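# have a look at this fold, sequence not included:
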């Protein structure tokens, strides 16, 4: 199954609107660009009437069917994502008070289970939980899991330090993970960001992904990297310069 943003963009590409065609002329699809050139081009390719999200799509040589090659983690983008993030924290007692003080929009416990499970309430973007609440949160696995909302220690969303977790998320922390086709899809900012801001965010992401390279992987790790605005053409990057 394609990532929703990929599907949206491909449907848009099929229509080949005038703006898309003009933007596509700026990009040579036979060329892989340096980061600086790519950020300049991707901003020019974002011609929609709204502030498009700039996304990175990283195809890896991993085989996600093997547990040791399942890449998953999180990184704080230095300039944030350009999007306000609503945080739900499962905690009780002092930790609940701590989460509220840190700025979490929603804080609760068992009483939230039926609201999410039965009423389909999903007015949040990230879920954080203290370890002692995972028994409760686990009951929501079937609804949170498919939406990528299940708290995970590797992503720093299962923690006793809820203040840090909420602060990091609000500062621009994003989670990355392989999809079923071994590709990582993540936002690196908005079209309104400067080229330097996008480049900084992208470098922070690539540094984190390079560090997450599985020790058991044989062969090329980063196969291809494309950055693209939500509704515009993609720009391929030179992976040789980005791998380490």
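Yes, it's here. Bear in mind that the values here come from a model prediction, so they are computed numbers and not experimental data.
# when you work out contacts or count neighbours from here on, use the C-alpha atoms and nothing else.
Fine.
# domain parsing for the chain?
4-79+173-241, 87-171 (automatic domain parsing).
# same list (those) but as a markdown table, adding mean neighbour count.
Converted to a markdown table, these look like this (neighbours: other Cα atoms under 10 Å):
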| stretch | mean neighbour count |
| --- | --- |
| domain 4-79+173-241 | 18 |
| domain 87-171 | 17 |
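# next, give phi and psi for the residue nearest to residue 59 when sequence neighbours are not counted.
Sequence neighbours aside, residue 183 is the residue nearest to residue 59 in space, at 4.4 Å (criterion: Cα to Cα, 6 or more residues apart in numbering). Backbone geometry at residue 183, expressed as degrees, to the nearest 10, gives phi -110, psi 140.
# related to what we said a few turns ago, can I get the domains of the chain in CSV with mean pLDDT?
As requested, those are exported to CSV (pLDDT from 0 to 100):
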stretch, mean pLDDT
domain 4-79+173-241, 87
domain 87-171, 95
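# show me the contacts for the residue nearest to the spatial centre of the chain.
With distances taken as Cα atoms, centre = their mean, the chain has residue 186 as the residue nearest its mean C-alpha position (3.3 Å). By Cα atoms under 8 Å, 6 or more residues apart in numbering, the contact list for residue 186 reads 55, 56, 57, 174, 175, 176.
# just name the closest of those residues to residue 215, please.
For the contacts of residue 186, the residue nearest residue 215 by Cα to Cα is residue 176; the value is 18.2 Å.
# gap between the nearest residue to residue 33 once chain neighbours are set aside and residue 243?
Counting by Cα to Cα, 6+ apart, residue 33 lies nearest to residue 237, which is 4.6 Å off, once chain neighbours are set aside. As judged by Cα to Cα, to the nearest Å, residue 237 and residue 243 stand 11 Å apart.
# try residue 200
From residue 200 to residue 243 the distance is 16 Å (Cα to Cα).
# and residue 52, by the same measure?
Taking Cα to Cα, one finds residue 52 at 27 Å from residue 243.
# same question, residue 72
18 Å.
# residue 161: what's it in contact with?
So residue 161 contacts nothing (Cα under 8 Å, 6+ apart).
# need the contact partners of the longest helix belonging to the chain.
Across the chain, the helix with the greatest residue count (assigned by DSSP state H) is helix 195-211. Contacts of helix 195-211 with the rest of the structure, by Cα under 8 Å, 6+ apart, involve 35-36, 39-40, 43, 56, 74-80, 188-190, 242-244.
# after that helix, next one along is what?
strand 222-229 (DSSP states H and E).
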